[in-house]
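> My questions are about this predicted structure, shown below with the sequence.
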Amino acid sequence: MASVEPLRKRAQPIPLHDHALDHLRYIRETMERAGSFTAVPGWGGVAMGATALAAAGIASHAASKALWLLSWLAEGAVAIVIGFLSMERKARAAGLPLWSAPVRKFLYSFLPPLIAGAALTVTLWRAGLFGPIPGLWLMLYGAGITAGGAFSVRVIPVMGMCFLALGVIALLAPVAWPDAWLGTGFGGLHIIFGAMIARKYGG
């Protein structure tokens, strides 16, 4: 008498709602990538922080207020060049357009506080009020980063809030240490967050 083999168990079909959730998750992640400025330079931020620390050392030995201001303005120009080149390199490596809609949204949110900072710096300089300038720079840079970070990766608004908080402390601190505050912000925070971005989101 022939033995009867048991029927093989059929694989359980994957429920339809699991398929739907996977598709929705994929669509959401794709839309987030398309609508976010992801070419944030990580190692570029570290380089910007390193040059800011060097500028803090140079500016602290400036012979006059004019040379002090010139030192930091030169550092700002160097940082802009580093940031742009590293952002362009990262975008090219990822196959992303540099001047995409998220980039334009980031810049439209980031630039107005910087323009306000430049105008206020000229006004304070003409009035001979040098003390508030470092705190003002940190606060308005932080405001720009926080606003632009709404269109970027999640760590960027956090970095902006740290700049903003440091600027408030610098303004309210009873002792004026301009180069220490600026070195801590533009140097230390850029290095810390730049390394975090490079590790989590690529260089």
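Thanks, I have it.
> any idea which helix is longest in the chain?
helix 65-93 (DSSP state H).
> name the helices or strands packed onto the helix or strand just after it?
Moving toward the C-terminus from helix 65-93, the next helix or strand (DSSP states H and E) is helix 101-127. Packed against helix 101-127 by the contact rule (3 or more CB pairs under 8 Å, 6 or more residues apart in numbering; DSSP states H and E) you find helix 133-148. Yep, even glycine has a C-beta here, placed from its N, CA and C like the rest.
> Can I get the helix or strand following the helix it packs on in CSV, CA atoms only?
Beyond helix 133-148 on the C-terminal side, the first helix or strand identified by DSSP H and E is helix 155-172. Once side chains and other backbone atoms are set aside, the C-alpha atoms of helix 155-172 remain, and they are given as CSV (Å, rounded to 0.1, in the frame of the first residue of the first chain):
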residue,chain,number,x,y,z
VAL,A,155,20.7,68.0,13.0
ILE,A,156,21.0,71.4,11.3
PRO,A,157,18.2,73.2,13.3
VAL,A,158,19.8,71.8,16.5
MET,A,159,23.1,73.3,15.5
GLY,A,160,21.3,76.6,14.8
MET,A,161,19.7,76.6,18.2
CYS,A,162,23.1,76.0,19.8
PHE,A,163,24.5,79.1,18.0
LEU,A,164,21.5,81.1,19.0
ALA,A,165,21.8,80.1,22.7
LEU,A,166,25.6,80.8,22.7
GLY,A,167,24.9,84.2,21.2
VAL,A,168,22.4,85.1,23.9
ILE,A,169,25.0,84.0,26.6
ALA,A,170,27.7,86.1,24.9
LEU,A,171,25.4,89.2,24.9
LEU,A,172,24.4,88.8,28.6
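> Helix 155-172 - what's its average pLDDT?
Per-residue pLDDT values across helix 155-172 average out to 94.
> Sort out which residues of that helix are buried, please.
For helix 155-172, the neighbour count (16 or more other CB atoms under 10 Å) marks V155, I156, P157, M159, G160, C162, F163, L164, L166, G167, A170, L171 as buried.
> Confirm for me that the first one is in contact with A198.
Spelled out, it's V155. No. V155 lies out of contact with A198 (CB atoms under 8 Å); the separation is 10.9 Å.
> got the buried residues of helix 155-172 as JSON lines, with distance to A77 columns?
JSON lines is the format used below for the buried residues of helix 155-172 (distance: CB to CB, whole Å):
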{"residue": "V155", "distance to A77": "25"}
{"residue": "I156", "distance to A77": "22"}
{"residue": "P157", "distance to A77": "25"}
{"residue": "M159", "distance to A77": "21"}
{"residue": "G160", "distance to A77": "21"}
{"residue": "C162", "distance to A77": "23"}
{"residue": "F163", "distance to A77": "19"}
{"residue": "L164", "distance to A77": "23"}
{"residue": "L166", "distance to A77": "22"}
{"residue": "G167", "distance to A77": "21"}
{"residue": "A170", "distance to A77": "22"}
{"residue": "L171", "distance to A77": "25"}
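> ok, of those, which one's closest to G49?
Checking the buried residues of helix 155-172 against G49 by CB to CB gives M159 as the nearest, at 11.2 Å.
> roughly how far apart are that closest one and P41?
12 Å (CB to CB, to the nearest Å).
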